[in-house]
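Colleague: Here is my input; please provide its structure:
(2 chains)
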Amino acid sequence: RKEVEQDPGPFNVPEGATVAFNCTYSNSASQSFFWYRQDCRKEPKLLMSVYSSGNEDGRFTAQLNRASQYISLLIRDSKLSDSATYLCVAWAGANNLFFGTGTRLTVIP
Amino acid sequence: ETGVTQTPRHLVMGMTNKKSLKCEQHLGHNAMYWYKQSAKKPLELMFVYNFKEQTENNSVPSRFSPECPNSSHLFLHLHTLQPEDSALYLCASSQARDSGRNEQFFGPGTRLTVL
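Modeller: Just a heads-up that it's a prediction; the model follows:
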């Protein structure tokens, strides 16, 4: 079983739509979670950190459900510039940091 | 953004060559990481240095050899690589491995092609 699992997509949504991605993790000791965005042939860039139940930053909201071991990322009012791959990361302390394979999002005009 | 820099950005090498990848971070962090990213696979953590001490070697073949002379610089020495080693090699840094938060900031990567 993979440490972190994501739906690879692709998710194709129109501009202005709301889209949500889910990410499940297998290590119940995971204590911190991160969402990164990665543009094609670029490095991952930190989008949001999640340490408790969730976090919100503008159009982006992350929710953590420890009981079910998943975190979600909600993007409201999608922009063309949101098109990217979104990586979910779970950290269980020390070197136990695991990335998902990413979810590809394309926002269509 | 120049928080974490990597050179070279692209590298083509033969299987008998020896080359080195360089990473430098200007964020005052104490932990540095090497990752390998292959197509359709999650990022694979290769090496971790925390306060210049290597704390992780994820069963990486010996043809990859890391070096961390100080908290700001990290190298990955390459020799006798295989074509399947072709990938994007990413360097990252964070405050410290056990800082409790561990947000990592990535460099732009070196795209390596082994012929």
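
Colleague: which residues touch stretch B:77-84?
Modeller: Identification of contacts with stretch B:77-84 by CB atoms under 8 Å, 6 or more residues apart in numbering or on different chains yields B:13, B:15-21, B:63-67, B:85, B:112, B:114-115. (Glycine included, C-beta is placed from N, CA and C.)

Colleague: for stretch B:54-63, that is, sorry about that
Modeller: Contacts of stretch B:54-63 from elsewhere in the structure, counted by CB under 8 Å, 6+ apart, are A:94-95, B:44-49, B:66, B:68, B:78-82, B:85, B:97.

Colleague: Just the ones in strands from the residues you listed, please.
Modeller: Mapping the contacts of stretch B:54-63 onto strands (DSSP state E) picks out B:44-49, B:66, B:68, B:78-79.

Colleague: Drop anything exposed from those.
Modeller: Applying 16 or more other CB atoms under 10 Å in any protein chain shown to the ones in strands among the contacts of stretch B:54-63, the neighbour count classes B:44-49, B:66, B:68, B:78 as buried.

Colleague: can I get those in JSON lines with distance to residue A:56 and pLDDT?
Modeller: Supplementary listing: these in JSON lines, determined by distance: CB to CB, whole Å; pLDDT from 0 to 100:
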{"residue": "B:44", "distance to residue A:56": "31", "pLDDT": "90"}
{"residue": "B:45", "distance to residue A:56": "29", "pLDDT": "89"}
{"residue": "B:46", "distance to residue A:56": "34", "pLDDT": "92"}
{"residue": "B:47", "distance to residue A:56": "35", "pLDDT": "92"}
{"residue": "B:48", "distance to residue A:56": "31", "pLDDT": "91"}
{"residue": "B:49", "distance to residue A:56": "34", "pLDDT": "92"}
{"residue": "B:66", "distance to residue A:56": "38", "pLDDT": "95"}
{"residue": "B:68", "distance to residue A:56": "37", "pLDDT": "95"}
{"residue": "B:78", "distance to residue A:56": "43", "pLDDT": "96"}
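
Colleague: can you redo these as JSON lines with distance to residue A:32?
Modeller: Written out in JSON lines, the entries for those read as follows (distance: CB to CB, whole Å):
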{"residue": "B:44", "distance to residue A:32": "20"}
{"residue": "B:45", "distance to residue A:32": "15"}
{"residue": "B:46", "distance to residue A:32": "21"}
{"residue": "B:47", "distance to residue A:32": "21"}
{"residue": "B:48", "distance to residue A:32": "16"}
{"residue": "B:49", "distance to residue A:32": "20"}
{"residue": "B:66", "distance to residue A:32": "25"}
{"residue": "B:68", "distance to residue A:32": "24"}
{"residue": "B:78", "distance to residue A:32": "32"}
